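> This is a predicted model, with the sequence first.
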4 protein chains.
Amino acid sequence: MLKAGIMGSTGYTGAELVRLLEGHPEVELTFVDSRSYDGLKFSDVYPNLRKKVDKVCRSVEVEDVPKDTDVVFCALPHRISQQKVLPLIKSGFRVVDFSADFRIHDGKIYEDWYNTEHLDHELLKMATYGLPEWHAESIVNAELVANPGCFPTSILLPLLPLVKDRLIKSDNIIIDSKTGVSGAGRNPSAVNVFSQVNENVKAYNIGGHRHTPEIEQELSIAAGEDLKVLFTPHLIPMDRGILSTIVLPAENLKRHDIEECYEKYYGHKPFIRILEDGKLPETKAVSGSNYCDIGFVIEPRSGNLVIVSAIDNLLKGSSSQAVQNMNIMFELEESTGIEATSMWP
Amino acid sequence: MLKAGIMGSTGYTGAELVRLLEGHPEVELTFVDSRSYDGLKFSDVYPNLRKKVDKVCRSVEVEDVPKDTDVVFCALPHRISQQKVLPLIKSGFRVVDFSADFRIHDGKIYEDWYNTEHLDHELLKMATYGLPEWHAESIVNAELVANPGCFPTSILLPLLPLVKDRLIKSDNIIIDSKTGVSGAGRNPSAVNVFSQVNENVKAYNIGGHRHTPEIEQELSIAAGEDLKVLFTPHLIPMDRGILSTIVLPAENLKRHDIEECYEKYYGHKPFIRILEDGKLPETKAVSGSNYCDIGFVIEPRSGNLVIVSAIDNLLKGSSSQAVQNMNIMFELEESTGIEATSMWP
Amino acid sequence: MLKAGIMGSTGYTGAELVRLLEGHPEVELTFVDSRSYDGLKFSDVYPNLRKKVDKVCRSVEVEDVPKDTDVVFCALPHRISQQKVLPLIKSGFRVVDFSADFRIHDGKIYEDWYNTEHLDHELLKMATYGLPEWHAESIVNAELVANPGCFPTSILLPLLPLVKDRLIKSDNIIIDSKTGVSGAGRNPSAVNVFSQVNENVKAYNIGGHRHTPEIEQELSIAAGEDLKVLFTPHLIPMDRGILSTIVLPAENLKRHDIEECYEKYYGHKPFIRILEDGKLPETKAVSGSNYCDIGFVIEPRSGNLVIVSAIDNLLKGSSSQAVQNMNIMFELEESTGIEATSMWP
Amino acid sequence: MLKAGIMGSTGYTGAELVRLLEGHPEVELTFVDSRSYDGLKFSDVYPNLRKKVDKVCRSVEVEDVPKDTDVVFCALPHRISQQKVLPLIKSGFRVVDFSADFRIHDGKIYEDWYNTEHLDHELLKMATYGLPEWHAESIVNAELVANPGCFPTSILLPLLPLVKDRLIKSDNIIIDSKTGVSGAGRNPSAVNVFSQVNENVKAYNIGGHRHTPEIEQELSIAAGEDLKVLFTPHLIPMDRGILSTIVLPAENLKRHDIEECYEKYYGHKPFIRILEDGKLPETKAVSGSNYCDIGFVIEPRSGNLVIVSAIDNLLKGSSSQAVQNMNIMFELEESTGIEATSMWP
């Protein structure tokens, strides 16, 4: 049994991780850190976990982390995460970090987009970008896995195969994503008040969303040259799910070319589902699961390729992907503990 | 491995049953009957099950049911269900029926409320009302288990202990239930069109809902005398969940009396969670699970006891309760395959 | 033209009042007070009002209120409201107060339920409870109108005629109300975060909700004796609307008796709609309007009368009712400026 | 007073038209045609209109339309609409048609996209495309106004000024629209069942939506050359509203250029609101109104211009735009009867 602990367990992604690890057959959850709920039963914060999780939240300092802990998950906000991850790594723990703090290899780009100093540019370079379908070989030995952002996961999974094999050469990739409100977290704020977002849809942070640099970094690495994207996120009135609609020049590609490319990279991957001709993803079909559904249309009139992908923002976009990373780090079956299928409806 | 088949698999409760049985470690799902989708892959009807369920829907007649089938689930509408269940039972199959056709022991009451003839009053008397927390002893040997209605499950579980031990003697039990729209099924109709029910709440069938007689039957059996209830269902804009608010005279009961009674009947039951003083159920905490959460308040000013319960209407209110019944029928661990906890949010 | 000002204009009820007064043919809106948004254009806070309202929010002290102001609306939280209303009244302004501070005639009851001191028990006695269908005669001359709470409006309108004419004598009135989330206001808090209340329903404050004393006060006055109620509010995932389901002994009443009583009190009232036999209210039919829809069922099996009412919590439950009060105070046509019908859907 | 009648009054757009005309100070609504609800009170179909509309639905043949009718609105499905509109025009009535049957000037394009024969290609050429901000001069004398589609309204209003003045020259216009479910109408179907679309988002008809040709027709006329677009609609879980996100090469445009262009065409238009720098439209701010909100961002990294527009799909996207057309046809003030502002929330 792996011994796992969580720093920052009472946000939505932390709580989903608690739920998943509690049901993981190879994991013993050893501590659930929370500053805000120190001393409270975890199931008093998340009543869905009554009778399942009897742990009590504790404010855990790095020096209190038990020495025999195999892996520490940090589900803290960026900037705060660095301050925990650095000493954890120095103390020899393996870490899966949910924040943006270790996703961008280039410290300067991080500092530009996040408008804050990074405390350790060297560690940044060493960290592994934890997209398991692409970086399993680094993940298996990684000390520090930077769990990808939710939007980037939904965007990179459909694009990377095509970019890698140079089927796509365009530098005009238009991405229009729609996210459920849980992405805005559990802390009450102007952007997640029910009556402000229910019966409403809006775009936000056009061209300036902080997930942009990690999308561009991973696409550029795969392409072997710098790629830029236009990324426009939208907030829609539902709890969970991200749907990304990606448009780029079709460049005479045939359906078969793309299917073949996806088959090559994803044919054996357990959590990628390529939809057949005539079908398109919807978030309800992946909500509650670790799946990423991908469908596409070659639109002959405008000469564009339109790719649509769907994930659960809190799971494949965060917590279950973190477990997938852990499974790979410890050479367990990749899908252990995250096999759940979406319910319908 | 049990061999299980489903008649009527493509309604919401049928599809949830498919999902649950597919993940059940002791079950092999042998056929998924559907008249409407005959020949179609099940995952083309329910895209959440892509890569998980590769079965094809078939229109299955009773005579085509394989002889080595251990259990047949019928998830058909009332009236149609009888016509399948009768020959199945005669052919020696054990059946769990989701419809209302075998829940009411008294054929005349069935015929009055459902306004249709019942084809076999004798079989009706023999059928077991499949509320596992109360009838496990009959379920274990039952040929035919009538899976309870969703509202009755949410109402009987909190009331039966109090009625059984005569803590409650009133015949004025006021029940106000709120259900998500999935209870209206998947077939398009005036009552489940999005824009008619979204941003809306209404009461319906006041005093005349067909779940009333099974509520009264089970309460009356427990009480040893005839009990009547006033049951008012409401439709609210969400997918899943039933919350029942039950009011009755407190009759000088103390909190401790009720807690003790619940502990006696449910202390060892895996799927009932009694909430501590100051906490009340909410449907989000049980959605996706087989749990029933129960909380209560003794209101001194009006002298009433208010009990609130929450279930997932499609799971504890239907499909996972059916699996729970099957587990008991075949002497498996009661919670096998239905241990999933609700996600939050 | 009446000159009207608003203290506390940027909460949801304040903003709805701004919208209504802006379109009111007999009103000039002279100031919109807001401490939080001092200096900001009102339409920057409420973008629906772009091009309609060009007012700028100002933090307005009582001494700054222009002397020629005919009416001041206070849409401030209780406790804070008193501190504004007292000097306004002393300065000779007529006031419509949205808070609970002047609804309860008995200062001691106010202090018990609101757990705060009341600064002026004499003024409390003088204030008029602004339910226009019942107190128009006092409202017309009132210095201070206490605009009713949203739940009480939905409960008193259907009950008062029956209580007044002694058709109902019971002291066991069971009220189960369901409200949209806008009732929790615009300020972010644990109770109005989207992902905590979406796909969820719960009861809260059973027997202890602060709207209880004003319900009992008005019922008791009408009955000529003390009446108690059991009031259980529920939060459901929609923006607007309150549906109240009220159960009490039918006491051999016939449908005709009740219809006659409603006709007597409401036949000539513009905003009460009594539904015919077989029809029940739904909130969508009143959302956006000043209507209160009332339907009822006499349930013979249990001997109960079930009354269902629906209002828009922010309009008839607050802002448009305040305008209705103002219309009466200044002897305008009662429905001026609040004639809008609900949209569907 | 204009005498107006409605053919096909009981769909959502017909019913919204009834509501608007009922409150229009210059209109007398003379008949409300409905085949499905012949003989039923209109307010029994739309309970929001109780006490407001006492009309009874009648199945009205063209020969029954009173001779003194000034204008007939047809809110019927395409294909069926033609069959009513042709004889109405022949009988000399002025018609505003809600269907797609007269929006496309080229009969062959209509027949290709709608896969049905058009009965009168000549009349098609004569019909006026009823986008009031652009075609008021033709509308004023038109016999037949083809009311635009909901998506095209949201797309043409922001694009036409830029195309007309050749600020935009690209033929790669990428449009990603999100619509509420009311666009799918009131008749129950697989696409509007609550539990299929709630907590879900999906793209549909990529590149093949039937609103595409009218978008391209109007853009091409304005540009003076053929323009193509890629149009991808999405269905999101809300009642009302369309948000369109439009991406195209920025071509060195400055913010000021675009603002100036919008000011030139829309500065004096009552229902277009151009948002200032830093603000973006949201559907809640226009829902219930005839406004179209437009905001934009020039994104320097990718060199794209991103325009976002928001309308109420049933109002500016249909019924209130039809009233705006009628106002122009009969030389009333353009905003008469459709001045309502959106509520918030």
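Right, received. Where do you want to start?

> which strands and helices sit next to the host helix or strand of A:Trp134?
Assigning secondary structure by DSSP states H and E places A:Trp134 in helix A:132-139. Applying 3 or more CB pairs under 8 Å, 6 or more residues apart in numbering or on different chains; DSSP states H and E, one finds that helix A:132-139 makes contact with strand A:128-129, helix A:150-164, helix A:319-329. All C-beta spots, glycine's among them, are computed from the backbone N, C-alpha and C.

> how about the helix or strand following the second one against chain D, any contact?
If you walk from helix A:150-164 toward the C-terminus, the next helix or strand you reach (DSSP H and E) is strand A:173-179. Yes - taking CB under 8 Å from any CB of the partner chain as the criterion, strand A:173-179 and chain D are in contact, through A:174, A:176, A:178.

> Most neighbours among those residues, please name it.
Greatest neighbour count in those, by other CB atoms under 10 Å in any protein chain shown, goes to A:Lys178: 29 neighbours.

> check contacts around that residue.
Applying CB atoms under 8 Å, 6 or more residues apart in numbering or on different chains, we find A:Lys178 in contact with A:201, A:233-236, A:242-245, D:178, D:201, D:234, D:236.

> now the helix holding A:Trp134 and helix A:150-164, what's the angle there?
90 degrees (axes from the mean of the first three to the mean of the last three CA atoms, to 10 degrees).

> which outside residues touch helix A:132-139?
The contact list for helix A:132-139 (CB under 8 Å, 6+ apart) reads A:128-130, A:145, A:156-157, A:160, A:218, A:222, A:265-266, A:269, A:271-272, A:321, A:324-325, A:328-329, A:334.

> same thing with stretch A:51-60?
Counting by CB under 8 Å, 6+ apart, A:5, A:7, A:9-10, A:18-19, A:22, A:29, A:31-35, A:37-43, A:45-46, B:270, B:273, B:291, B:341 sit against stretch A:51-60.

> Apply 7 Å and report the result again.
Here stretch A:51-60 makes contact (CB atoms under 7 Å, 6 or more residues apart in numbering or on different chains) with A:7, A:9-10, A:18, A:22, A:29, A:31-35, A:37-43, B:273, B:341.

> Now, the residues you listed that are in helices?
Applying DSSP state H to these, the entries found in helices are A:18, A:22, A:42-43.

> Buried by neighbour count: which residues of the helix holding A:Trp134 qualify?
For helix A:132-139, burial by neighbour count (16 or more other CB atoms under 10 Å in any protein chain shown) applies to A:132-136, A:139.

> Would you mind extracting the C-alpha trace of that helix into CSV?
What follows is helix A:132-139, C-alpha atoms only, in CSV (Å, rounded to 0.1, in the frame of the first residue of the first chain):
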residue,chain,number,x,y,z
PRO,A,132,0.1,10.9,-18.8
GLU,A,133,-0.7,10.1,-22.3
TRP,A,134,2.4,12.0,-23.4
HIS,A,135,4.9,12.0,-20.6
ALA,A,136,4.6,8.6,-19.0
GLU,A,137,8.2,7.9,-19.4
SER,A,138,9.3,11.0,-17.4
ILE,A,139,6.5,10.6,-14.9
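
> Kindly indicate which of the contacts of A:Lys178 lies nearest A:Ala190.
Nearest to A:Ala190 among the contacts of A:Lys178 is A:Leu235, at 11.8 Å by CB to CB.

> Any idea how far stretch A:251-264 is from the middle of the chain?
26 Å (CA atoms, centre = their mean, to the nearest Å).

> and that stretch, what's its mean pLDDT?
Regarding stretch A:251-264, the rounded mean pLDDT is 97.

> Ok, stretch A:295-303 next?
The average pLDDT within stretch A:295-303 is 96.

> residues from chain A in reach of chain B?
Contact residues, chain A versus chain B (CB under 7 Å from any CB of the partner chain): A:12, A:15-16, A:19, A:46-52, A:182, A:199, A:239, A:273, A:285, A:288, A:340-345.

> sec struct for A:Thr13, please.
Following DSSP: H, G, I helix; E, B strand; the rest coil, the label given to A:Thr13 is helix.

> Wait, it touches A:Ala75, no?
Yes - if you go by CB atoms under 7 Å, A:Thr13 and A:Ala75 touch, sitting 5.1 Å apart.

> intersection of neighbour lists for the two?
In contact with both A:Thr13 and A:Ala75: A:Phe98, using CB under 7 Å, 6+ apart.

> Quick one: the helices in the stretch 151-300 of chain A, in order.
Taking DSSP state H, counting those that start in this stretch, the helices of the stretch 151-300 of chain A run over residues A:194-197, A:212-223, A:255-266.

> ok, the residue in the stretch 51-200 of chain A positioned nearest to chain C - contacts?
Residue of the stretch 51-200 of chain A nearest chain C, by CB to the nearest CB: A:Pro188 (3.5 Å). By CB under 7 Å, 6+ apart, the contact set of A:Pro188 is C:188-190, C:193.

> Out of the helices of the stretch 151-300 of chain A, which one sits most buried?
helix A:194-197 (a mean of 26; mean count of other CB atoms under 10 Å in any protein chain shown).

> Where does A:Gly337 sit: helix, strand or coil?
coil.

> so how far is stretch A:137-144 from its chain's centroid?
17 Å.

> and if you look at stretch A:237-247?
Centroid separation for stretch A:237-247 versus its chain: 14 Å, with CA atoms, centre = their mean.

> Close to chain D: what parts of the stretch 51-200 of chain A are there?
Applying CB under 7 Å from any CB, we find that the stretch 51-200 of chain A lies next to chain D at A:172, A:174, A:176, A:178, A:195-196, A:199-200.

> now those as CSV including pLDDT?
Compiled in CSV, those are given as follows (pLDDT from 0 to 100):
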residue, pLDDT
A:Asn172, 88
A:Ile174, 97
A:Asp176, 98
A:Lys178, 98
A:Ser195, 97
A:Gln196, 97
A:Glu199, 98
A:Asn200, 98
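
> which one of those sits closest to C:Pro249?
Distances from C:Pro249 to these, taken as CB to CB, are shortest for A:Ser195 (37.5 Å).

> Near the residue lying closest to the closest one once chain neighbours are set aside, how many other residues are there?
Using CB to CB, 6 or more residues apart in numbering or on different chains and skipping residues adjacent in sequence, the residue nearest A:Ser195 is D:Pro345, 3.7 Å away. A count of nearby residues for D:Pro345, using other CB under 10 Å, gives 25.
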